[in-house]
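S.K.: Got a predicted model here, sequence first, then my questions.
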Amino acid sequence: MKLLATSLLAALLALPAMSSFAAAEAAPAKAAKPDLVKGEASYAAVCASCHGADGNSGTPAYPKLAQQHPEYLVKQLQEFKSGKRKNAIMQGFAATLSDDDMKNVAYWATSKKAKQGFAKEKDLVTLGERIYRGGIADRQVAACAGCHSPSGAGIPSQYPRLAGQHSEYTAAQLTAFRDGVRTNSIPMSQVAAKLNDKEIRAVADYIAGLR
C-alpha cells in the first residue's frame with residue numbers, strides 16, 4: 001500500500017512537467033523575420049533587370065514594386081510559382097525562389113520609396129476619377145477606392161497599392177481579368193468584366209497620377 005501511494009505521488013508530481021513539455025511541443029514556431037540583406041541580393045539577381053534597381057520599373061509593361069505591400073508580393077510570387085497566375089517569364093523566375101526568398105524580396109521591395117507617376121490622358125481623367133472614386137452604379141461596378149483607398153495606398157495584407165503604377169500595366173491587368181486571362185482574384189474578375197476598353201484606359205490613367 002505504501003509503495004502504491006509513493007508511485008501515485010510521483011506520477012502526480014510529474015504531471016505539471018509533462019503538461020509543460022506538451023505545451024512547448026504544441027506551440028507554433030515563430031516565423032523568421034525577413035532578411036533584407038538577402039532580399040536585396042535575390043532581388044538584384046532575379047528582379048532588377050525588369051523591375052528597376054530600386055523597385056521602380058522604367059518600362060511601362062513591368063510594374064513598379066517599390067512600396068508595394070509585402071503580403072501581396074509574396075502571394076503573387078507564390079501564385080506565379082504554382083501556376084495559379086499565368087505568366088511564363090514570371091513563373092520561371094518564381095520557380096527559383098523559396099518561400100523565405102520570396103518574403104525577403106517582398107520586404108526589401110516594400111522598403112524602397114515608389115516614384116510618383118502621372119496621368120497622361122486629360123480627356124479621360126474625369127471619367128477615370130469618377131469610376132475610381134464612385135464606381136458605375138447602373139452596372140454595379142464598385143468604386144476602386146473602396147478597397148484600394150482614395151489615395152491608392154491599398155490596405156496591407158488585403159489589397160495592393162496602386163498609386164503611381166504605370167497605366168499601361170494597370171490597363172493590361174484589368175483587361176486580363178476581364179478576358180479571363182488572369183484568374184487569381186475573383187473580385188477583380190467580376191469588376192473588370194463590366195468595364196469596356198475606354199473605361200479601363202481611363203481608370204488606369206487616373207491611378208497613375210494618384211499620390
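M.R.: That came through, no problem.
S.K.: who's in contact with the closest residue to Leu97 other than its chain neighbours?
M.R.: Spatially, and ignoring its direct neighbours in sequence, Leu97 is nearest to Leu77 (6.4 Å; C-beta to C-beta, 6 or more residues apart in numbering). C-beta coordinates here come from the backbone N, C-alpha and C atoms, glycine included. By C-beta atoms under 8 Å, 6 or more residues apart in numbering, the contact list for Leu77 reads Ala94, Leu97, Met102, Val105, Ala106.
S.K.: Any chance of TSV for those, columns secondary structure, distance to Ala44 and pLDDT?
M.R.: TSV is the format used below for these (DSSP: H, G, I helix; E, B strand; the rest coil; distance: C-beta to C-beta, whole Å; pLDDT from 0 to 100):
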residue	secondary structure	distance to Ala44	pLDDT
Ala94	helix	16	97
Leu97	coil	13	97
Met102	helix	15	98
Val105	helix	10	98
Ala106	helix	15	98
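S.K.: Considering those, which possesses the most neighbours?
M.R.: Val105 (29 neighbours; other C-beta atoms under 10 Å).
S.K.: could you say which helix or strand contains the residue nearest to the spatial centre of the chain?
M.R.: The centroid of the chain falls nearest to Tyr72 when counting by C-alpha atoms, centre = their mean (1.2 Å). Using DSSP states H and E, Tyr72 maps to helix 70-82.
S.K.: For the residue nearest to the centre of the chain, give me the pLDDT.
M.R.: Looking at Tyr72, its pLDDT is 98.
S.K.: nearest spatial neighbour of it, skipping sequence neighbours?
M.R.: Pro160 (4.4 Å).
S.K.: Let me see the contact set for that neighbour.
M.R.: Contacts of Pro160 (C-beta under 8 Å, 6+ apart): Gln68, His69, Tyr72, His148, Gly154.
S.K.: pretty sure the second one contacts Ser149?
M.R.: It refers to His69. No - using C-beta atoms under 8 Å, His69 is not in contact with Ser149; the gap is 11.5 Å.
S.K.: more neighbours, the two?
M.R.: His69 (20 against 16).
S.K.: after the helix or strand bottoming out on mean pLDDT in the chain comes which helix or strand?
M.R.: Taking mean pLDDT, DSSP states H and E as the measure, the helix or strand of the chain with the lowest value is helix 2-26, at a mean of 44. Moving toward the C-terminus from helix 2-26, the first helix or strand encountered (DSSP H and E) is helix 36-46.
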